[in-house]
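Trainee: Sequence and predicted structure are below.
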Amino acid sequence: MKSDLLRQIRNLFKEDNIRLNKRFLIFFFFLLLSTTIWFLNALDKTYIAEISYPVAYYNFPSNRTETNDLPSYFTLRVEASGYFLLKQKIGNSVYPIQINISKYLPEIYLTDTSKFFIRTSSFLGEIENQLSEQVKIIEINPESINFIFAEKSTKIIKVYPKIKYKLKRQFIEKNIKVVPSKIIVSGPINILDTLTQIPTILSNFENLSNSISQEIPLKSFKYLTYSTNKVFVTINIEKFTESSIDIPVILINKPDSINIQLNPEKIKLKFYVGLSNFKHVNRAQFRVVADYNEIIKNNTNKLSVVIKEFPAYVFNLNCNPLTVNYIKRSKK
């Protein structure tokens, strides 16, 4: 096998093969040269073609805001050199055409008209000035742009933290704080009038055992701008414990002519409470009642116990017993 390889290498360097390889290289060189000359000559010619060009608009009226979707690209039918067209095809990025809207506002706009259109042919001179001198614009698509301006306004709106979270066992949420809790929102007055809150983007937190604070972006809305695009959301959590307290049952709707003795007169309330509020719990914060009308409606010998008042920071309340007996006596 090694000898076959050496034989092939020797054959390459034989006089006839060297002469043949040299002719091939000369042919290839002149073929490449002629192709290059033809290509450069072709690029130097003028062609008619369509190109898609990005557009950016600026200098809108300060007291108005645009509420229509303006085209982000123009399709230009142009007469241009091959060099320019090739550049458009292989270019990684194209700087957008800048359209100064204030130059094209119709006079009728000054009479408070908020809806009108502008023919894109009006932009022809401004676009050609931003493109190469070798380019002549024949046609612009779309032929016109519809503008719908609304009165611009600002409003202070509350931020709503849109979050989901799961706590580890034996922990509860103490509170959720948002900073700033309100932001200044600018935009069309007809949209602002319907807004009562701005939510954050949805954020999920799992297995929390410590309070956390995180910067969360606000959800964006079309045509609206915010004084800030992010807020700090703090979820304060703490451990909780079980507690209980004896509360007297209050009988409501009882006629003055009747004496009622409840048995038992007190019930035991069990509940969970965060450690930070454990020492603040007292009997005056609770109100447990039984309703005399239940005797009349249901002809029952037991009255249901209902928890009417309790502090907001306790949860999972249970009373024992759920009903009380009564002894009814008429006043003498």
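Mentor: Yes, it's here.
Trainee: ok, so what distance separates residue 297 from residue 253?
Mentor: According to C-beta to C-beta, to the nearest Å, residue 297 stands 11 Å off from residue 253. Heads up, the C-betas are built off the backbone N, CA and C, glycines and all.
Trainee: Between these two, which has more neighbouring residues?
Mentor: Taking neighbours as other C-beta atoms under 10 Å, residue 297 and residue 253 compare with residue 253 leading, 12 against 8.
Trainee: Next, the contact list for the more buried one, please.
Mentor: Neighbouring residues of residue 253 by C-beta atoms under 8 Å, 6 or more residues apart in numbering: 291-293.
Trainee: Just the ones in strands from the residues you listed, please.
Mentor: The strands, defined by DSSP state E, take in residue 291 from the contacts of residue 253.
Trainee: Pull out the buried residues from the contacts of residue 253.
Mentor: Buried by 16 or more other C-beta atoms under 10 Å: 291-292, out of these.
Trainee: Looking at the contacts of residue 253, which is nearest residue 49?
Mentor: residue 291 (86.8 Å; C-beta to C-beta).
Trainee: Run a quick neighbour tally on residue 199.
Mentor: Applying other C-beta under 10 Å, I find that residue 199 has 14 neighbouring residues.
Trainee: got the residue ranges for the helices in the stretch 101-250 of the chain?
Mentor: 124-130, 189-192 (DSSP state H, counting those that start in this stretch).
Trainee: now for these, which one comes closest to residue 245?
Mentor: Counting by C-beta to C-beta, residue 245 lies closest to helix 189-192 out of these; the figure is 48.7 Å.
Trainee: what's next to that closest one, contact-wise?
Mentor: Under C-beta under 8 Å, 6+ apart, the answer for helix 189-192 is 67, 150-155, 157, 185, 221, 223-224.
Trainee: any idea of the mean pLDDT in it?
Mentor: Throughout helix 189-192, pLDDT has a mean value of 86.
Trainee: list the buried ones in that helix?
Mentor: Buried residues in helix 189-192, defined by neighbour count with 16+ other C-beta under 10 Å: 191-192.
Trainee: Pull the CA coordinates from that helix and hand them back as PDB.
Mentor: Extracted C-alpha coordinates of helix 189-192, given in PDB (Å, rounded to 0.1, in the frame of the first residue of the first chain):
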ATOM      1  CA  ILE A 189     -56.600  60.000  28.000                       C
ATOM      2  CA  ASN A 190     -59.200  57.500  26.800                       C
ATOM      3  CA  ILE A 191     -57.000  54.600  27.900                       C
ATOM      4  CA  LEU A 192     -55.900  56.100  31.200                       C
END
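Trainee: where does the stretch 51-200 of the chain have low pLDDT?
Mentor: By pLDDT under 70, the low-scoring segments of the stretch 51-200 of the chain are 81-94, 106-114, 133-134.
Trainee: if you set the cut-off to 50 instead, what comes out?
Mentor: For the stretch 51-200 of the chain, the stretches with pLDDT under 50 are 108, 110-111.
Trainee: show me the contacts for the residue most central in space within the chain.
Mentor: For the chain, the residue nearest the mean C-alpha position is residue 219 (2.8 Å; C-alpha atoms, centre = their mean). The contact partners of residue 219, by C-beta under 8 Å, 6+ apart, come to 162, 198-201.
Trainee: re the thing from before, with distance to residue 237 as extra columns, can I get the helices of the stretch 101-250 of the chain in a markdown table?
Mentor: Compiled in a markdown table, the helices of the stretch 101-250 of the chain are given as follows (distance: least, C-beta to C-beta, whole Å):
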| stretch | distance to residue 237 |
| --- | --- |
| helix 124-130 | 57 |
| helix 189-192 | 35 |
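Trainee: Perfect, I'm done here.
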